[in-house]
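>>> Give me a 3D structure for the following:
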Amino acid sequence: MPPILQSVVVGAGQAGLSAAYHLLRLGLRAWEDVVVLDANPAPGGAWQHRWDTLTMADVHGVAALPDDAAAPTSGERANVVVPAVFADYERRARLPVLRPVRVERVDGDGDGDGDGDGDGGVLRVTGAGRTWSTRTLVNATGTWGRPFIPHYPGAETFTGRQLHTQGYRGPDELAGQHVVVVGGGLSAVQILAEISEVATTTWVTRREPVWRTTPFTPAEGRAAVALVEDRVRQGLPPQSVVSVTGLMLRDQERPAAERGVYRRLPMFEHLEPDGVVWADGARQRADVILWATGFRPDVAHLAPLRLRSEHGGIQLDGTTAVRDPRVQLVGYGPSASTIGANRAGRVAARGVMRWLERSAGTTRAAAGEPWRD
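Predicted structure coming up:
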């Protein structure tokens, strides 16, 4: 029988690397006690899949990994710079990363109902034809693997191209076409600016965008994160932080604004073979529908653990899953940013160690030994 690990980290993006680093700092041994399973073929998390025209100057900064220097802010491609930084960090910190391993499911036995009695039941993590047994799990799969495309009537009849930001590689492939961009987030704003230089565009969103004219203060940032944290504490599906912060144009997007690129239209009612149609009968011919409609948490592999609340989200206490405290979630809700991911990794590692101590104490108590919390 393979040994039972103390913790398995699923995902080697910013949150997963942070969690693994802190687990080693707190005394767990690489490979013997903890492994990191990453679905990607190489280091870099979701950054390695970003479009080629996204530069380090476009990404609002990438927070430094724990006890490391920040990635450089420059005009270099983000999908080259960040993976190189992550690869170097994995090597220097000697993080125990296995790849490519796409985790397909996580099953549990023992007591994971969240009542706190901690009987030390084991979790089974399955992927790439193997199964790992572990006492705890840190889930850091983020959202990139689960792009969200809303359904609108007639979508199956559209004869043009439908593209999500996950598959967007740059403006050149859209040159000379008319592109309807759907979505009101930062990605939509950035992509509109660059494709409008080579193609004609129409921008549609469900809600009127909220534009900021003043820089975002730290206090406002904390308040926005607190709103998202409150949702996950209640077990509600997390919202993006941008949904409560609003949008702000950067210098590189102002020329597009001056050209009228950000004149927003409400959502169309349905699609037809050559375009989109609004409720009043207005039509817009389109070659491409670009869905900048975001992502959802990539947590389907956790379904056997039944972590979701009656409200549809996974209820968390900090980073700990309320329904199974053997499980920590990072890169979920308020920690779905490079800065939040670092802090969440540290909090999750401490949560793992608390559970391991509790579980060990319960085992000692069953044997008649005292348990010191």
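>>> tell me how far the biggest helix by length in the chain is from the chain's mean position?
Scanning the chain for the longest helix, with DSSP state H as the assignment, gives helix 338-366. Computed by CA atoms, centre = their mean, to the nearest Å, the separation of helix 338-366 from the middle of its chain amounts to 21 Å.
>>> Ok, stretch 306-317 next?
In terms of CA atoms, centre = their mean, the centre of stretch 306-317 is set 17 Å apart from its chain centre.
>>> Just the buried residues of the longest helix of the chain, please?
Of the residues in helix 338-366, those buried under the neighbour-count criterion (16 or more other CB atoms under 10 Å) are 338-353, 355-356, 358-359, 361-362. Using the backbone N, CA and C atoms, a C-beta is placed for each residue, glycine as well.
>>> after the lowest-mean-pLDDT helix or strand in the chain, next one along is what?
Taking mean pLDDT, DSSP states H and E as the measure, helix 242-245 is the helix or strand of the chain with the lowest mean score, a mean of 64. Counting by DSSP states H and E, the element after helix 242-245 in chain order, helix or strand, is helix 254-258.
>>> State the mean pLDDT of that following helix.
Model confidence over helix 254-258 averages 93 on the pLDDT scale.
>>> Name the residues that touch that helix?
Judged by CB atoms under 8 Å, 6 or more residues apart in numbering, the contacts made with helix 254-258 from elsewhere in the structure are 192, 193, 196, 197, 249, 262.
>>> Enumerate every residue touching the fifth one.
Think residue 249. Contact criterion CB under 8 Å, 6+ apart gives 189, 211, 257, 262 as the residues in contact with residue 249.
>>> give me phi/psi at it?
Backbone torsions for residue 249, taken as degrees, to the nearest 10, come to phi -70, psi 140.
>>> Read off the pLDDT value for it.
Here the pLDDT value assigned to residue 249 is 84.
>>> what residues does stretch 266-277 touch?
Applying CB under 8 Å, 6+ apart, the external contacts of stretch 266-277 come out as 152-155, 157-160, 180, 182, 204-206, 278-279, 283-286, 289.
>>> hmm, try it at 10 Å
In this structure, residues lying in contact with stretch 266-277 by CB atoms under 10 Å, 6 or more residues apart in numbering are 150, 152-160, 162, 178, 180, 182, 202, 204-208, 265, 278-287, 289.
>>> For the chain, just list every one of the helices.
Counting by DSSP H, the chain has these helices, from start to end: 14-25, 78-93, 186-195, 218-233, 242-245, 254-258, 338-366.
>>> Perfect, I'm done here.
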